[in-house]
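A.B. asks: coords please:
(one chain, ligands or ions: 1)
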Amino acid sequence: MGIPTFEASDLDQGGKSARVVNCVLALKSYSEWKQTGAAGTWKYSGIFKAQSYGSGKPFMRKNSEPFMKFPRSSSLGSVPDADQRPYDDLGQEPSEASIGHSLSVLVHTLLSNKKQEEIPFIVEAMLSKITEEYQRRLAGQNELLRTTTEGTEVCSTDKPLSGSSSCDVKEPEEQESEEASRSINLEKQCSPKVNCRQLKGKLSNQRMLIEQQQMNIQALKHTLHITKEGMLCLQMKYQEEFYNLGKHLQGLGHAASGYQKVLEENRKLYNQVQDLRGNIRVYCRVRPFLPGQPNGSSTVDNIDEGNITMITPSKYGKEGRKFFSFNKVFAPLATQEAVFSDTLPLIRSVLDGYNVCIFAYGQTGSGKTYTMTGPKELTEDGLGVNYRALTDLFLLSNQRKDVISYEISVQMLEIYNEQVRDLLATDGLNRRLEIRNSSQNGINVPDACIIPVSSTSDVINLMDLGQKNRAVSSTAMNDRSSRSHSCLTVHVQGRDLTSGSIIRGSMHLVDLAGSERVDKSEVTGDRLKEAQHINKSLSALGDVISALAQKGSHVPYRNSKLTQLLQDSLGGQAKTLMFVHISPETEAIGETLSTLKFAERVATVELGAAKVNKDSIEVKELKEQIASLKAALARKEGETDHSQNSRSSTPERTKITSGGSSPCQHSWHSAGNFSNSQRQFCEGGKKSSITRRRSLDLHDLRRHSPPWTPIGTPAQNGKDDDKESISGDWVDQVMLNKHDGINKDENFSGLREFPETFYQKHSRGPSKIYLEQPYIRTPFNKRDNQVVEAQRSRSEMASTDDSDDLEAATSDSSDPDLLWQSNLPTMSSHPKIPGPNTKKSNPKPLKATEARSLIPSLIPSPARKQLNGVGPATNRPARPGVGVDGKRKSGHAK
Ligand SMILES: Nc1ncnc2c1ncn2[C@@H]1O[C@H](COP(=O)(O)OP(=O)(O)OP(=O)(O)O)[C@@H](O)[C@H]1O
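C.D. replies: Reported below is the predicted structural model:
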């Protein structure tokens, strides 16, 4: 290898120790050369030549001990293996003192056998080498120290930020390798300057990087801080907004519930206003498409509470949409229950003594029967208004039974081809019935069967019977089309168990015939006739509605049986509801629009505030007295006429009064469901059709009644109304007989004082009388009252013309009549009725029947009084229907 050698003897002799040193240095140099990884051949350029130190023999150590103890720094060679380390005998590393001692021994040994002149060179060389060595070591130590300090600094700053920092706690192996590399680095640092510079450069780069990173971290920290603050701020804001939102929502919720309340209140107020104004309520119901129908597009665009928007083809309007407003609109899917629930309050008022009328209007097949009765196959859910109404009436009457005792009875009528038929008659005679608008007991068709009912099953049985009897015929539009108007009338009479007052209410539930145009239903012959009658009656209904809407002075009720039947409900003070039905099909749009327009007109009609039919016991008694007096008067007249025209009895009259088998007698007698008093409703036929009329109130009086005597001269050429108008005679006479303190004969003798001739002789016409005689309310006894009433009636009769005959059947009387009567001058206050001036009054001899027929029409109904502003005044104005000048006013009996 070219390393200088020495021998062991060189060590012993002492003088040739330079060879040893030279060899050691050469080895060291070689070792360093090797460690730097230099390529090529190593060449030693030591200061001592082997030859110059001795005999040319290689320098060999004589005693290895001192070398064994000499510390080997890393700079002198590679790190020896553990087993090669110079440990002392105890296996411990040599101390500084022992090292110093070994060196001095070594130096002493080296120099001991040297020549004096060689020693300075050797020492100098050794010292320079040692100095160099120590300087290098110091520099290395310094560098190490600095690096360690910086590392510690970086570590202290980096530690919290980065988990992978160089100062992290490391595994022992890692630490070892790090230490090794550090020592190598130190060696590198210690060895070539270039490496040191590179390391420094690297370090400074790293430092810069770290500084940069620290700055970034600081910036990030700052950003984080700002973000945190922002977040906090946002959170606070959010919380505040959330709170405000909550408050807002609370407010909105409050407002919404308030709005709902206001809406509810508005609706109530609206209904109250309508009630006060007596408006007819109109509910619209849209029929769904039927199963099996082609699912075309519906003509209904939108339904919103009480509003409905229709899609119209361009020929019906430019905009293609038409808007209608009603009290309520039921969508196609509305259930029977929902429809009824809106009707319920109205129906319940029947028990409070109101008259109620509910009628279903609409084109054929639009669902009228469905609403009023239900579908063909009746289920509990499908039950219509009729069943539900009666069920509810029973329920409520039962709830009130401790306070009021109710009697509920029903009639079922049909108007077919302008003829009124009794749908509950079982005799199959199909008798024509007359309509009388008498407010005495609310029974307008007294000759029809009135069947008491006490449960829903009674009602169902009756309706089944009615439906079977109803005229049903097939048309092209609806095979179940009803070609008649049907009317189920429920009569309710309640007696207050404490006060004894009587409440009377009635309810008409009317299923009108289809309103479609005749041409569309493709009918001819009998069907055409039916359709014409239907259309005529519906247009009469329209005329009545128009007249009422315009508050016309004349309302043409008598133009059809339908309007006559509904007169009390349409013109009286009843609560009236119309269900208008429409179909959704496009083909029906024309009919639908005219139906809706008609319904809108109906909604504008004001009937006046509804009035309760409630009589106290006294009023009831007084009313009965009036009735009895009227009857007595009429009867007296009859007797007179009979004596005068004993030959004029007609077969027709005899036929009517003789009665016959009651049409409903058989079926309902046998049922055994009804009490005796109830049964009397339909027993009348045994006596006469006339006697049935008043039996509702006064059936208990029958026992005292004298046998019916046919009255002498019926109206031979008179109308049916004339015949009917004498109907109350039997009952009224009973009342007369019953009257306390009045001897029957006396009574009649008293009345005899006012025979026909008396009036013809003495009556000057009511206007004259009333104008001349001031009204002074003075006490007068009942008998006088009767007499005066009779007198007054007769006086008035004398001045009426034949046109009143028409109105007689629709006239009525009620409690205000009594008040009016009580203001009449008594006979005692007017001992002398001004004598008749035959020239002035021009009395025309009246037939008894004519006179009788006019009796009711002369007594103003409450409605009339209200309309005319005439109440129970102390100064009596001109007689209703008669002007101050004594002329009769035109128009209907007002
Ligand atoms: N709201 C509804 N829901 C389901 N089906 C209905 C509804 N309304 C009507 N219908 C059905 O439509 C058809 C015709 O109805 P409905 O007989 O009641 O009409 P209408 O107006 O009484 O006819 P008409 O004038 O000929 O008596 C029936 O089959 C009925 O079941």
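
A.B. asks: Tell me, how many residues neighbour the residue lying closest to G296 once chain neighbours are set aside?
C.D. replies: Excluding the flanking residues, the one nearest G296 by Cβ to Cβ, 6 or more residues apart in numbering is T586, at 5.7 Å. Backbone N, C-alpha and C define where each C-beta goes, glycine included. Counted with other Cβ atoms under 10 Å, residues neighbouring T586 total 13.

A.B. asks: S506 now?
C.D. replies: Residues near S506, counting by other Cβ under 10 Å: 25.

A.B. asks: So which bits of the stretch 551-700 of the chain are right by the ligand?
C.D. replies: By the rule Cβ under 6 Å from any ligand atom, the part of the stretch 551-700 of the chain lying against the ligand is H581.

A.B. asks: which residue does the stretch 551-700 of the chain bring closest to the ligand?
C.D. replies: Here the stretch 551-700 of the chain gets closest to the ligand at one residue, H581, 5.8 Å apart by Cβ to the nearest ligand atom.

A.B. asks: got a list of what that residue touches?
C.D. replies: By Cβ atoms under 8 Å, 6 or more residues apart in numbering, H581 lies in contact with 284-287, 360-363, 366-368, 371, 595.

A.B. asks: L548: what secondary structure?
C.D. replies: helix (DSSP: H, G, I helix; E, B strand; the rest coil).

A.B. asks: How much space separates it from R601?
C.D. replies: Distance, L548 to R601, using Cβ to Cβ, to the nearest Å: 10 Å.

A.B. asks: again, but for R635
C.D. replies: Distance, R635 to R601, using Cβ to Cβ: 46 Å.

A.B. asks: Of the two, give the one with the bigger neighbour count.
C.D. replies: Legend: neighbour count by other Cβ under 10 Å for R635 and R601, higher for R635 (23 against 16).

A.B. asks: tell me the mean pLDDT for the helix or strand harbouring E229?
C.D. replies: Element membership for E229, per DSSP states H and E: helix 193-277. Summarised as a single mean, pLDDT over helix 193-277 is 84.

A.B. asks: Same question for stretch 43-52.
C.D. replies: 54.

A.B. asks: What about the closest residue in space to S484 that isn't next to it in sequence, how many residues nearby?
C.D. replies: Once flanking residues are discounted, S484 sits nearest to Y416: 3.9 Å by Cβ to Cβ, 6+ apart. Counted with other Cβ under 10 Å, the neighbours of Y416 add up to 23.

A.B. asks: Give the bridge partners for Y416, please.
C.D. replies: Bridge pairing for Y416 (DSSP bridges) gives the partners Q419.

A.B. asks: can I assume it is in contact with S486?
C.D. replies: No - between Y416 and S486 there is no contact under Cβ atoms under 8 Å: 9.1 Å.

A.B. asks: any idea how far Q250 is from K237?
C.D. replies: 20 Å.

A.B. asks: P332 too?
C.D. replies: 51 Å.

A.B. asks: Look at these two and report which has more neighbours.
C.D. replies: Ranked by neighbour count (other Cβ under 10 Å), P332 and K237 place P332 first, with 15 against 10.

A.B. asks: Confirm that that one sits in a strand.
C.D. replies: No - P332 is assigned coil when assessed by three-state DSSP, not a strand.

A.B. asks: how about it, what does it touch?
C.D. replies: For P332, the contacting residues are V286, R287, P288, F289, V300, P584, by Cβ under 8 Å, 6+ apart.

A.B. asks: What count of nearby residues applies to the residue in the chain that the ligand sits nearest to?
C.D. replies: Per Cβ to the nearest ligand atom, G367 is where the chain lies closest to the ligand, at 2.8 Å. Counted with other Cβ under 10 Å, residues neighbouring G367 total 22.

A.B. asks: And F394, by the same measure?
C.D. replies: Neighbours around F394, by other Cβ under 10 Å: 18.

A.B. asks: For it, report the pLDDT, please.
C.D. replies: Reported pLDDT for F394: 91.

A.B. asks: How about the one 10 residues further on?
C.D. replies: In the predicted model, I404 carries a pLDDT score of 88.

A.B. asks: correct me, but it touches T498?
C.D. replies: No - using Cβ under 8 Å as the test, I404 is too far from T498 to be in contact (9.2 Å).

A.B. asks: Which one's more surrounded, these two?
C.D. replies: Legend: neighbour count by other Cβ under 10 Å for I404 and T498, higher for I404 (21 against 7).

A.B. asks: hang on, the earlier thing: now for the helix holding E229, which elements pack on it?
C.D. replies: Here helix 193-277 touches helix 119-158, helix 172-190, going by 3 or more Cβ pairs under 8 Å, 6 or more residues apart in numbering; DSSP states H and E.

A.B. asks: which of those helices has the lowest average pLDDT?
C.D. replies: Sorting those by mean pLDDT places helix 172-190 lowest, at a mean of 58.

A.B. asks: Alpha carbons of stretch 587-599, in PDB - could you do that?
C.D. replies: Extracted C-alpha coordinates of stretch 587-599, given in PDB (Å, rounded to 0.1, in the frame of the first residue of the first chain):
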ATOM      1  CA  GLU A 587    -120.800  19.800 -24.000                       C
ATOM      2  CA  ALA A 588    -122.800  21.100 -21.100                       C
ATOM      3  CA  ILE A 589    -121.100  24.500 -20.800                       C
ATOM      4  CA  GLY A 590    -124.000  26.400 -22.300                       C
ATOM      5  CA  GLU A 591    -126.500  25.000 -19.800                       C
ATOM      6  CA  THR A 592    -123.900  25.400 -17.100                       C
ATOM      7  CA  LEU A 593    -123.400  29.000 -17.700                       C
ATOM      8  CA  SER A 594    -127.100  29.800 -17.800                       C
ATOM      9  CA  THR A 595    -127.500  27.800 -14.600                       C
ATOM     10  CA  LEU A 596    -124.800  29.800 -12.900                       C
ATOM     11  CA  LYS A 597    -126.200  33.100 -14.100                       C
ATOM     12  CA  PHE A 598    -129.600  32.200 -12.800                       C
ATOM     13  CA  ALA A 599    -128.000  31.200  -9.500                       C
END
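
A.B. asks: Near the ligand, which residues of the stretch 151-300 of the chain? Just list them.
C.D. replies: Applying Cβ under 6 Å from any ligand atom, we find that the stretch 151-300 of the chain lies next to the ligand at R287, P288, L290.

A.B. asks: quick one, what contacts the first one?
C.D. replies: Remark: with contacts taken as Cβ under 8 Å, 6+ apart, R287 is in contact with P332, G365, S366, G367, Y370, H581, I582, S583, P584.

A.B. asks: element containing L593?
C.D. replies: Counting by DSSP H and E, L593 is part of helix 589-603.

A.B. asks: Ok, V410 next?
C.D. replies: strand 404-416.

A.B. asks: who does that strand touch, helix- and strand-wise?
C.D. replies: helix 385-399, strand 419-422, strand 451-453, helix 456-469, strand 485-496, helix 525-549, helix 561-565, helix 676-679.

A.B. asks: can you rerun that using 6 Å?
C.D. replies: The contact analysis (3 or more Cβ pairs under 6 Å, 6 or more residues apart in numbering; DSSP states H and E) places strand 404-416 against strand 451-453, strand 485-496.

A.B. asks: any residue of that strand up close to the ligand?
C.D. replies: No - with Cβ under 6 Å from any ligand atom as the measure, strand 404-416 is seen stopping short of the ligand, the closest distance being 12.2 Å.
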